[in-house]
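> Next one to model:
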Amino acid sequence: MIGAGSWGTTLACLLAEKGYDVSLWVHDNALAESLYETRVNTIYLPDTVIPESIRVTNSIEQALQRARYVLNAVPAQYVRDVFSGVTPYMLDEAVIVSLSKGIERGTHLTVSSVLQELSNHTVAVLSGPSFAKEVIRKLPTAVTLATEDRNCGYILQEVFNMNNFRVYTHDDIIGVEIGGALKNVMAIASGISDSLGLGNNARASLITRGLAEMKRLGIAMGAHERTFSGLSGIGDLVLTCTSLLSRNYTVGNKLGKGMKIGDILKQSKSVAEGVSTAESAYELAKKFTVDMPIVEQVYKVIYEDNDPLQAVRNLMERSLKTEF
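Prediction:
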């Protein structure tokens, strides 16, 4: 497991409990030492004891010894830097499974595309509605695992599937990743809406029209429309847009209350992927000439310091259209 945030630590623990040989690479040396000594991730998962069987290390070379599957739990904007140092130590037959949700700034590449650019290894993507704090408590969760290699997908499905963690297979990697990335932008919009007291109707409308925007961009980039009706699309979107457990919803909530994005980000040790993805999605919408008004307004609130209430007016006062 490359990355010891809440999600990486959670899956490492569950896979170790299932009997797999797991190593956990921790970027921060001080956190790595603390984890090794106390077996508790005090920053990202303070209520969970990490099994003694998990090897905790700050050394990528040590973490990758004999690793058949390399799991990426690094925030999207850091994947290129981290995995440039990971791939030289990987076994030739190793498979990368990406857990990250986002679009790289500048290149506009999804995480799997970045990983494929850095290596010739098979890449799979695990995504869906899965808050780490609920998964670690073994509350029922269903996710999707996308890979173009069908046989590899079946093997990984067995690896990750557990009594309370159900895994479905899929072959639309780009669709799964676009859904996982853009739902975070929509969650920021939802958090803004709720903080302004705009009600349940407004939130439902944002989720529905947000899904339409996700589909438009996904299809333009080669995804299948049906993917957005699944766990990595509407499933993850509903979850992230309706809960304070969502970092991105929380960012939106604070933006709606008048806080500035710089101050919000300083308060959190976890990464809210929707902030950087809003910029990438806004630029992709222009590149593919796709109408994405919600993404545009979120981008302008974050990067142009636009008033959140004015952003709502801009959405509501657009020219009238047919729904489909």
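> C-alpha only now, for contacts and for neighbours.
Noted.
> need the contact list for Ala30.
By Cα atoms under 8 Å, 6 or more residues apart in numbering, no residues touch Ala30.
> For it, grab phi and psi.
Dihedral pair for Ala30: phi -60, psi -40, per degrees, to the nearest 10.
> Check the gap between it and Ile2 for me.
For Ala30, the distance to Ile2 (Cα to Cα, to the nearest Å) stands at 16 Å.
> same deal with Ala189?
Per Cα to Cα, Ala189 is found 30 Å from Ile2.
> The two - which one has more neighbours?
Ala189 (33 against 26; other Cα atoms under 10 Å).
> give the contact list for that one.
Contacts of Ala189 (Cα under 8 Å, 6+ apart): 206, 249, 252, 294, 298.
> Name the member of the residues you listed with the most neighbours.
Counting neighbours by other Cα under 10 Å, Gly252 comes out on top of the contacts of Ala189 with 32 neighbours.
> Let me see the mean pLDDT of the helix or strand hosting that residue.
According to DSSP states H and E, Gly252 maps onto helix 247-256. Averaged across helix 247-256, pLDDT comes to 96.
> what does stretch 259-279 give?
Across stretch 259-279, the average pLDDT comes to 91.
> What's the end-to-end length of that stretch?
Counting by Cα to Cα, you get 19 Å between the two ends of stretch 259-279.
> Next: stretch 90-105.
With Cα to Cα applied, stretch 90-105 spans 26 Å between its terminal residues.
> That one: how far from the chain's middle?
Put simply, stretch 90-105 sits 13 Å off its chain's centre (Cα atoms, centre = their mean, to the nearest Å).
> For that stretch, buried residues please.
Residues 90-91, 94-105 are the ones in stretch 90-105 that count as buried (16 or more other Cα atoms under 10 Å).
> With stretch 50-66 instead?
For stretch 50-66, the neighbour count (16+ other Cα under 10 Å) marks 50, 54-58, 60, 62-64 as buried.
> Of those, just say which sits nearest to Ala12.
Distance to Ala12 across the buried residues of stretch 50-66 (Cα to Cα) is lowest for Ile54, with 7.6 Å.
> backbone phi and psi for the closest one, please?
According to degrees, to the nearest 10, Ile54 has phi -80, psi 130.
> my read: it touches Trp25, true?
No - between Ile54 and Trp25 there is no contact under Cα atoms under 8 Å: 10.2 Å.
> hmm, back to that, the buried residues of stretch 90-105 into JSON lines, with extra columns for distance to Arg39?
Below are those laid out as JSON lines (distance: Cα to Cα, whole Å):
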{"residue": "Met90", "distance to Arg39": "26"}
{"residue": "Leu91", "distance to Arg39": "28"}
{"residue": "Ala94", "distance to Arg39": "27"}
{"residue": "Val95", "distance to Arg39": "27"}
{"residue": "Ile96", "distance to Arg39": "26"}
{"residue": "Val97", "distance to Arg39": "24"}
{"residue": "Ser98", "distance to Arg39": "24"}
{"residue": "Leu99", "distance to Arg39": "23"}
{"residue": "Ser100", "distance to Arg39": "24"}
{"residue": "Lys101", "distance to Arg39": "27"}
{"residue": "Gly102", "distance to Arg39": "29"}
{"residue": "Ile103", "distance to Arg39": "32"}
{"residue": "Glu104", "distance to Arg39": "32"}
{"residue": "Arg105", "distance to Arg39": "34"}
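> What is the neighbour count of the nearest residue to Arg55 once chain neighbours are set aside?
Excluding the flanking residues, the one nearest Arg55 by Cα to Cα, 6 or more residues apart in numbering is Ser23, at 4.4 Å. Residues near Ser23, counting by other Cα under 10 Å, number 22.
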